[in-house]
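1. next input, structure requested:
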Amino acid sequence: MALQTLRNPSRLALIALLAFALAACTSASESGREGGGGESGSEHSQGEEGREGSGGEGSGEHGGGGEGSEGGGGDGEESAVQLSPTQTFWMTRKGVRLDLRYDAATQSFRGFATNITGAPIPRVRVEVHLSNGVELGPTTTMDLAPGQTVDVTLPATGQTFAQWGAHAESDGPAQVAAFTPSLGAWAVVDGVPLGIEHPTHRLSAWYTSSGGAWTPHLSPDPAPQHQPTGAATWTGEWAGVYGSGSTVSTGAANVTVTLGAITEADLTLQGVPTLGTLRWNDMQVTDGRFTGSTAANSNSYDAVGQFGGANQAGVVGHATGPDFRSVFYGNKN
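-> So this is what the prediction gives:
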C-alpha cells in the first residue's frame with residue numbers, strides 16, 4: 001500500500017507540500033523561541049544591571065549607616081520620610097544636611113545642602129521621590145568642603161503628587177554614634193562621631209573631630225522667636241562619651257526655665273560616669289540660647305543650649321569638660 005501511494009504522483013506532491021509546510025512551521029516556531037529567548041535574556045540582563053546598580057548604591061548607603069540603618073535600607077530608605085507639599089525636609093545623611101521644600105510658584109524643589117563635618121565630602125547629589133512614582137534628579141554631583149553650603153534646585157514642572165521624600169547621596173563618612181534616642185522624632189546625626197537632631201524642630205547638636213580635638217556645634221542660631229515665653233520644663237536625655245573610649249553612655253536630662261527680671265534656665269544631667277549628676281543653675285536665656293559652667297571633681301564643665309520649634313517645643317545642646325563630651329535634648333512637658 002505504501003509503495004502504491006508513493007507511485008501516485010498526485011499523492012506524492014501532496015505529501016511533499018505537507019512536509020514543506022510542516023518544516024516551515026517548525027522553523028518559525030524555533031525562530032520565535034530563539035528571538036523571544038534573546039529578548040527575554042536582554043530584559044533579564046537589564047534587570048540584573050538595574051538590581052546591581054540599585055543594590056550596589058543601596059548597599060553602600062546602608063552599609064554607611066545612613067537612613068538605611070533607621071529606615072530599613074534599599075528603596076525603603078528613600079521613601080522612609082513622606083511629606084506633604086507644604087512640609088520641609090530637614091535631615092542629615094553621611095554628614096550632608098539637606099534642607100529642602102517644594103515651591104509651588106515655580107513648581108520646583110528648592111533648598112540647601114551643607115557639609116556639617118570637618119572633612120571634605122565627595123560626590124554629593126540630591127534626589128526627590130514623588131508619590132506618583134516620579135524620581136527627580138539626581139542633581140549634578142559635586143564635592144563639598146567642610147562647612148560648605150550649596151543651593152539645591154530640582155524642577156518638578158507639571159507633576160501632581162500628594163507626598164514626597166528626599167535624600168542626599170554622597171561618599172561621606174559612615175559614622176553613627178552607637179545609641180538609640182529615647183524620644184520619638186529625635187535621631188542621631190548621621191556621619192559625625194556624636195550628634196542629635198530633630199527634623200521638625202530643626203534643632204541639632206553635634207561634634208566634629210580632627211587630630212584628636214572635638215569641636216561642638218549647635219543649630220539654629222539664637223533668634224528672638226526661639227525665646228521661651230513661659231516657665232516650663234523640658235525632659236529628655238543626654239548621650240556622651242567619658243574618657244578615651246568610644247562607648248556612648250546615656251542618662252536623663254532636664255532643662256527648667258523660670259521667668260523673672262531675666263529668663264533663666266537650669267540644666268541637669270544625671271548618671272554621668274564617675275561624675276554623678278552635673279547641674280548648671282541660673283543660666284541667662286537670650287534669643288533662646290543659654291550658656292554656663294559648673295564644677296565637678298575639681299574640673300570645670302561647660303554647657304550651651306538652644307530652644308526651638310513651634311512654641312519652643314524642643315531644646316538641644318552640648319556639655320563638655322575634661323574627658324567628657326555629650327549632647328542633650330528634650331521636649332517641653
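
2. what pLDDT does the model give residue 122?
-> Per-residue confidence (pLDDT) for residue 122: 98.

3. tell me the phi and psi of the residue nearest to it when sequence neighbours are not counted?
-> Spatially, and ignoring its direct neighbours in sequence, residue 122 is nearest to residue 171 (4.5 Å; C-beta to C-beta, 6 or more residues apart in numbering). Every residue, glycine included, has its C-beta placed from N, CA and C. Per-residue torsions, residue 171: phi -100, psi 40 (degrees, to the nearest 10).

4. burial of residue 171, as a residue count?
-> Neighbour count of residue 171, defined by other C-beta atoms under 10 Å: 15.

5. show me what contacts it?
-> Contacts of residue 171 were listed using C-beta atoms under 8 Å, 6 or more residues apart in numbering, and they are 94, 121, 122, 123.

6. most neighbours out of those, which is it?
-> residue 94 (27 neighbours).

7. does it touch residue 189 like I think?
-> No - using C-beta atoms under 8 Å, residue 94 is not in contact with residue 189; the gap is 10.4 Å.

8. what bridges to residue 233?
-> residue 256 (DSSP bridges).

9. against residue 258, how distant is it?
-> 10 Å (C-beta to C-beta, to the nearest Å).

10. and residue 180, by the same measure?
-> 32 Å.

11. and for residue 110?
-> 41 Å.

12. now residue 221
-> 24 Å.

13. tell me which of these two has more neighbours.
-> A direct count of neighbours by other C-beta under 10 Å for residue 221 and residue 258 places residue 258 higher, at 15 against 10.

14. wait, the more buried one touches residue 281, no?
-> No - with contact defined as C-beta under 8 Å, residue 258 and residue 281 do not form a contacting pair (10.5 Å).

15. now for these two: what residues contact both?
-> residue 266.

16. now for residue 85, how many residues are close by?
-> 17.

17. excluding residues flanking it in the chain, which one is nearest it?
-> residue 102 (4.8 Å).

18. so for the one you found, what pLDDT did the model give?
-> So, for residue 102, pLDDT stands at 98.

19. OK, contacts around it?
-> 85, 86, 108, 109, 156, 164.

20. quick one: it is in a strand?
-> Yes - Residue 102: assigned to a strand according to DSSP: H, G, I helix; E, B strand; the rest coil.

21. so which helix or strand takes in residue 99?
-> Here residue 99 is covered by strand 96-103, with elements defined by DSSP states H and E.

22. what's the helix or strand where residue 292 lies in contact with?
-> Assigned by DSSP H and E, residue 292 belongs to strand 289-296. Contact with strand 289-296 is made by 222, 226, 264-265, 267, 275-276, 278-284, 300-307, 321, as judged by C-beta under 8 Å, 6+ apart.

23. if any of these are buried, put those into a ChimeraX selection.
-> Restricted to buried positions by 16 or more other C-beta atoms under 10 Å, the ChimeraX selection for the contacts of strand 289-296 reads:
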select :222,226,264,265,267,275,278,280,283,301,303,304,305,306,307,321
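
24. select from the contacts of strand 289-296 every entry located in helices.
-> Of the positions in the contacts of strand 289-296, not one sits in helices, assigned by DSSP state H.

25. so where do the helices sit in this structure?
-> Counting by DSSP H, the helices of the chain are 2-7, 9-63, 67-71, 74-79.

26. if we can go back for a sec, which of the contacts of strand 289-296 fall in strands?
-> 264-265, 267, 276, 278-284, 300-307, 321 (DSSP state E).

27. gap between residue 98 and residue 92?
-> 8 Å.

28. more crowded one of these two?
-> Taking neighbours as other C-beta under 10 Å, residue 98 and residue 92 compare with residue 92 leading, 27 against 19.

29. distance check, the more buried one against residue 142.
-> 18 Å.

30. got it, and residue 288?
-> Taking C-beta to C-beta as the criterion, residue 288 is separated from residue 142 by 33 Å.
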